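Participant: Next one to model:
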Amino acid sequence: MKRAVQLIMMIYIGGILYSCKNNNAKDPDVSSNKKTISNRPNIIFIMDDQHRWDALGKINSQVITPTLDSLATHGIYFSQAVCQAPMCVPSRNSIMFGLYPNQTGVFRNNGGVPDSLMPGKTMAQYFMDAGYETAGFGKTHWGKYKTNTRGFETRYVSEIPEEGAISMAEMNPDAKARYDAEIAPMGAGEENNLGYLGFTSKLPEEDHRDGWITKQAIDYIKKRNDDRPLFLYLSYMKPHAGHNVPEGYEDLYAADTIQYAQQPPWKADYSPHSKGVNRRDMYEGYWKNASEEEWKLMTMRYYANVTWIDNMMGKTLKALKDKGILDNAIVIYTSDHGEMLGERYYRFNKYNLYESSVRVPMILSGNALPNTIQKNTVNNKPVENIDILPTLLNAANIDLNKELPGKDLLGAIGRTGSFSALHERDGEAAFMWRTQEYKLILVFERQKMVKDYKEEHILTGEFYNLTQDPNEWDDLYGNVSVQDVQDKLTKALVAHLQQQ
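Facilitator: From the prediction side, this is the model:
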């Protein structure tokens, strides 16, 4: 109990310190075209992995996230944000290049692009070329090719090596070995059933990859001595399974009160666009017969992972504040994709275009937001993760070297819907067009070029009324009652493909 109380105090402090503005700092005019390097805002980009859109204390009282809640209170929470591909590698490439998967050429987790064939500048390269100091800590997951640091002058990685980066394995090999031994029973990607059920870690925080990354980031911030504006990238591997959260965080939750996924009244899985993917047999075979206690523990440990990551974000933001870096800063947070957590007939992780997989939490905050932006607001417009790069470049008055498809999150945005893509099944491509009220998923015969997709290539589809059916249990595709809306969204989706 003492450990839990200490954690609560640490979390509380991490959540509120960000909001304490330096009264001596002047609000910058981020719209000025005459801005010099010296007064450009610091850019703090924080991302985690597999974080459900609704795993925020702001909108879910079951979850403890004071740091993210504080960011939202002093900024904008984007309630309808989606990723461009519900899996790590294509999603992260889209975020860092500001391009759709069809433009990066990265469609699945087994893909990637070598350094010599990159489709444009990375986020870090834009800021480095504009005179920023660039520092990156944690996961990027570029794909199957070993890359260089792609614009990061300072680079620490905990798992996936990059040429020129400092890795956990070389800097703290004993800690890395202890962590690898603890997660070994959780299987590939820490995503077998034990990985989801989880257990309390026996290791200290700094033996965990994310704990190690946080320490390196904070040490760097404290020692930093550079007059240039800073672009800092902090990316975590959790709350992605495995659910082996360090001691104390589970004590913040009452497992017996946790609400977990309710199953649809089906006798078999129904998922026309993603049937057969996502380790279906393994998960269904276990969780169909799991006890209520196991369901509650699994869900609680996922939330405990979220709280742990939130706490480390808070400690890093405190270090940035103490250094004065937040006095003139834009802070943006998102995740690469969501987590099904057993919904829709025992589905786990991602690899589909349903809500819990494709939606992400997104927050834009910081003292350098324009004075015209009202703080503590909820933006319900259709936004996407590819909007992050143009938004940050515009805020820093950095010119693009090529046109990007994303929108400025501080502008009017001007989309009628949001887009995501899934290429998990051979010979097929599934695309989503989503509004706040409706979702259309179309499965096409795969084409060589994105501009080749036409209505005549549609194989099947799904249509959901998200207002009346937020669980997406009732597929209305082809139903006469929604035909007009379905036709409208179909045309919008095909037009969007042909514009990429």
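
Participant: who's in contact with the residue lying closest to residue 473 once chain neighbours are set aside?
Facilitator: Of all residues not flanking residue 473 in the chain, residue 264 sits nearest, at 4.4 Å (C-beta to C-beta, 6 or more residues apart in numbering). All C-beta spots, glycine's among them, are computed from the backbone N, C-alpha and C. Contact analysis of residue 264 by C-beta atoms under 8 Å, 6 or more residues apart in numbering lists 270, 344, 345, 471, 473.

Participant: from these, which would you call buried?
Facilitator: 344, 345, 471, 473 (16 or more other C-beta atoms under 10 Å).

Participant: which of those sit farthest apart?
Facilitator: Maximum pairwise distance in the buried ones among the contacts of residue 264, criterion C-beta to C-beta, is 11.1 Å, between 345 and 471.

Participant: The chain - how does it break down into domains?
Facilitator: Split into domains by automatic domain parsing, the chain comes to 2-415, 426-500.

Participant: Now do the shortest one: distance to the chain's middle.
Facilitator: Yep, that's domain 426-500 we're talking about. Offset of domain 426-500 from its chain centre (C-alpha atoms, centre = their mean, to the nearest Å): 23 Å.

Participant: do the same with stretch 311-325
Facilitator: 20 Å.

Participant: Find the residue at the geometric middle of this protein.
Facilitator: With distances taken as C-alpha atoms, centre = their mean, the residue of the chain nearest its centroid is residue 335 (1.0 Å).

Participant: ok now do that one, which residues does it touch?
Facilitator: With C-beta under 8 Å, 6+ apart, residue 335 has these contacts: 47, 48, 49, 50, 51, 83, 360, 361.

Participant: Swap in 6 Å and give it another go.
Facilitator: Going by C-beta atoms under 6 Å, 6 or more residues apart in numbering, residue 335 touches 48, 51, 360.

Participant: List the beta-bridge partners for it.
Facilitator: For residue 335, the residues forming beta bridges with it (DSSP bridges) are residue 48.

Participant: quick one, phi/psi of residue 143?
Facilitator: phi 130, psi -150 (degrees, to the nearest 10).

Participant: if we can go back for a sec, what about the residue nearest to residue 473, helix or strand, and which?
Facilitator: Residue 264 belongs to no helix or strand when elements are defined using DSSP states H and E.

Participant: which residues of the chain fall in strands?
Facilitator: 42-49, 75-78, 133-138, 154-157, 166-167, 230-239, 329-335, 362-365, 377-379, 418-422, 428-434, 438-445, 458-465 (DSSP state E).

Participant: Could you export the ones you listed as CSV, including distance to residue 69 and mean pLDDT?
Facilitator: Below are the strands of the chain laid out as CSV (distance: least, C-beta to C-beta, whole Å; pLDDT from 0 to 100):
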stretch, distance to residue 69, mean pLDDT
strand 42-49, 14, 98
strand 75-78, 9, 98
strand 133-138, 22, 98
strand 154-157, 27, 98
strand 166-167, 32, 98
strand 230-239, 16, 98
strand 329-335, 11, 98
strand 362-365, 9, 98
strand 377-379, 13, 97
strand 418-422, 24, 98
strand 428-434, 25, 98
strand 438-445, 27, 98
strand 458-465, 29, 98
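
Participant: As TSV, those strands with distance to residue 200 would be great.
Facilitator: Converted to TSV, the strands of the chain look like this (distance: least, C-beta to C-beta, whole Å):
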stretch	distance to residue 200
strand 42-49	20
strand 75-78	31
strand 133-138	23
strand 154-157	26
strand 166-167	27
strand 230-239	14
strand 329-335	24
strand 362-365	29
strand 377-379	35
strand 418-422	35
strand 428-434	37
strand 438-445	38
strand 458-465	38
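
Participant: Of all those, which one is nearest residue 409?
Facilitator: strand 362-365 (5.6 Å).

Participant: Please name every helix or strand in contact with that closest one.
Facilitator: helix 66-73, strand 75-78, strand 329-335 (3 or more C-beta pairs under 6 Å, 6 or more residues apart in numbering; DSSP states H and E).

Participant: of all the contacts of residue 335, which comes closest to residue 167?
Facilitator: Nearest member of those to residue 167, counting by C-beta to C-beta, is residue 48, at 19.6 Å.

Participant: my read: the closest one touches residue 310, true?
Facilitator: No: the pair residue 48 / residue 310 is not scored as a contact, 8.9 Å apart, by C-beta atoms under 6 Å.

Participant: Now stretch 357-371: buried residues?
Facilitator: 357-369.

Participant: Return the closest of those residues with respect to residue 139.
Facilitator: residue 360 (15.2 Å).

Participant: Can I get the helices and strands packed on strand 362-365 in a markdown table including distance to residue 295?
Facilitator: Below are these laid out as a markdown table (distance: least, C-beta to C-beta, whole Å):
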| stretch | distance to residue 295 |
| --- | --- |
| helix 66-73 | 25 |
| strand 75-78 | 29 |
| strand 329-335 | 23 |
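
Participant: So which of the ones you listed is nearest residue 478?
Facilitator: strand 75-78 (31.8 Å).

Participant: Mind listing the strands that closest one pairs with, and their directions?
Facilitator: Under the criterion DSSP bridges, strand 75-78 sits next to strand 362-365 (antiparallel), strand 377-379 (parallel) in its sheet.

Participant: Let me have these in TSV, adding distance to residue 339 as columns.
Facilitator: Shown next, in TSV, are the strands paired with strand 75-78 (distance: least, C-beta to C-beta, whole Å):
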stretch	distance to residue 339
strand 362-365	16
strand 377-379	22
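
Participant: Select, out of those, the one closest to residue 224.
Facilitator: Closest among the strands paired with strand 75-78, using C-beta to C-beta: strand 362-365, at 21.1 Å.

Participant: Show residues contacting that closest one.
Facilitator: Against strand 362-365 from outside (C-beta under 6 Å, 6+ apart): 71-72, 74-78, 81, 331-334, 409.

Participant: Next: stretch 124-135.
Facilitator: When contacts are defined by C-beta under 6 Å, 6+ apart, stretch 124-135 is touched by residues 37, 150-154, 226, 228-232, 393, 398.

Participant: Could I have the buried ones of these as PyMOL selection syntax?
Facilitator: Burial among those is assessed by 16+ other C-beta under 10 Å; the matching PyMOL selection reads:
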select buried, resi 150+151+152+153+154+228+229+230+231+232+393+398
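
Participant: Tell me the one of the contacts of stretch 124-135 nearest residue 90?
Facilitator: Among these, and counting by C-beta to C-beta, the member closest to residue 90 is residue 150, at 16.2 Å.

Participant: Next up, the contacts around the closest one.
Facilitator: For residue 150, the contact set (C-beta under 6 Å, 6+ apart) comprises 122, 124.

Participant: Just give the closest residue to residue 445, not the sequence neighbours.
Facilitator: Nearest residue to residue 445 in three dimensions, chain neighbours excluded: residue 457, at 4.7 Å (C-beta to C-beta, 6+ apart).

Participant: neighbours of the one you found, just the number please.
Facilitator: 15 (other C-beta atoms under 10 Å).

Participant: can you tell me the average pLDDT over the longest helix seen in the chain?
Facilitator: Counting by DSSP state H, the longest helix found in the chain is helix 292-322. Model confidence over helix 292-322, given as mean pLDDT, is 98.

Participant: That one to helix 66-73, inter-axis angle?
Facilitator: Between helix 292-322 and helix 66-73, the angle comes out at 60 degrees (axes from the mean of the first three to the mean of the last three C-alpha atoms, to 10 degrees).
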